[in-house]
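A.B. asks: Dropping the sequence and predicted coords here.
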Amino acid sequence: MVAKITLRVVFDTNVILSALLFRSGRVSWLVPRWQQGQVVALLSKETASELLRVLAYPKFKLSHEEQQCILQAFVPYAETVVTRRSRHLPLCRDPHDQKFLILADQGNADYLVTGDDDLLTIKNFEPCPIITPEAFRGCQGTVL
């Protein structure tokens with residue numbers, strides 16, 4: 001008998017928002033994955049703060065109630081990781097994305113899923129591969 005692996009995953013803010021805001025979009029398939037416990041989405045104070053900030057952008061035209069509803073589709077299903085600065089990680093070209101590397105490292109992530117080229121250009125990141133949502137869809141339940 002093969003044991004089922006529940007993957008620990010850091011999703012960058014754009015991936016989370018795309019999944020939650022565009023229910024028939026290209027990454028909408030992620031929502032049931034974290035809501036049904038097929039993956040453990042990881043969250044830190046820093047990544048949660050960014051998610052809150054971005055949801056309030058005027059371009060989304062979301063009321064406070066709509067923002068809260070969207071957050072309820074993600075936050076209760078995520079595992080919060082307390083992170084601290086780390087000097088041994090590679091530096092991301094965009095310093096605002098460093099929080100995702102720190103979370104992946106300190107949250108023992110199996111994957112960091114992003115569409116951001118500043119993160120995707122980092123090769124051989126330990127502890128986990130940095131991949132696109134499309135690549136992640138193809139490797140559900142396995143660790144590369």
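C.D. replies: Done, it's in.

A.B. asks: Helices of this structure, residue ranges please.
C.D. replies: Counting by DSSP state H, the chain has these helices, from start to end: 13-21, 30-35, 45-55, 64-72, 98-106, 117-120, 133-138.

A.B. asks: mind putting those helices in TSV, distance to residue 84, mean neighbour count and mean pLDDT included?
C.D. replies: C-betas here are computed from N, CA, C, even on glycine. Shown next, in TSV, are those (distance: least, C-beta to C-beta, whole Å; neighbours: other C-beta atoms under 10 Å; pLDDT from 0 to 100):
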stretch	distance to residue 84	mean neighbour count	mean pLDDT
helix 13-21	20	20	96
helix 30-35	25	18	95
helix 45-55	11	16	97
helix 64-72	24	13	96
helix 98-106	7	22	96
helix 117-120	20	16	96
helix 133-138	27	15	93
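
A.B. asks: How about the contacts made by the closest residue to residue 54 other than its chain neighbours?
C.D. replies: Nearest residue to residue 54 in three dimensions, chain neighbours excluded: residue 13, at 5.6 Å (C-beta to C-beta, 6 or more residues apart in numbering). When contacts are counted by C-beta atoms under 8 Å, 6 or more residues apart in numbering, residue 13 is found next to 47, 50-51, 54.

A.B. asks: For residue 68, state which of those residues is nearest.
C.D. replies: residue 51 (12.2 Å; C-beta to C-beta).

A.B. asks: how about the nearest residue to that closest one, chain neighbours excluded?
C.D. replies: Leaving aside its chain neighbours, residue 51 sits nearest to residue 13 (5.5 Å; criterion: C-beta to C-beta, 6+ apart).

A.B. asks: how far away is that neighbour from residue 100?
C.D. replies: 9 Å (C-beta to C-beta, to the nearest Å).

A.B. asks: what touches both of the two?
C.D. replies: Joint contacts of residue 13 and residue 100 (C-beta under 8 Å, 6+ apart) are residue 47.

A.B. asks: The closest residue to residue 101 other than its chain neighbours - how many residues pack around it?
C.D. replies: Nearest-residue entry for residue 101: residue 89, 5.0 Å, with adjacent residues in sequence omitted and distances by C-beta to C-beta, 6+ apart. Neighbourhood size, residue 89 [other C-beta atoms under 10 Å]: 16.
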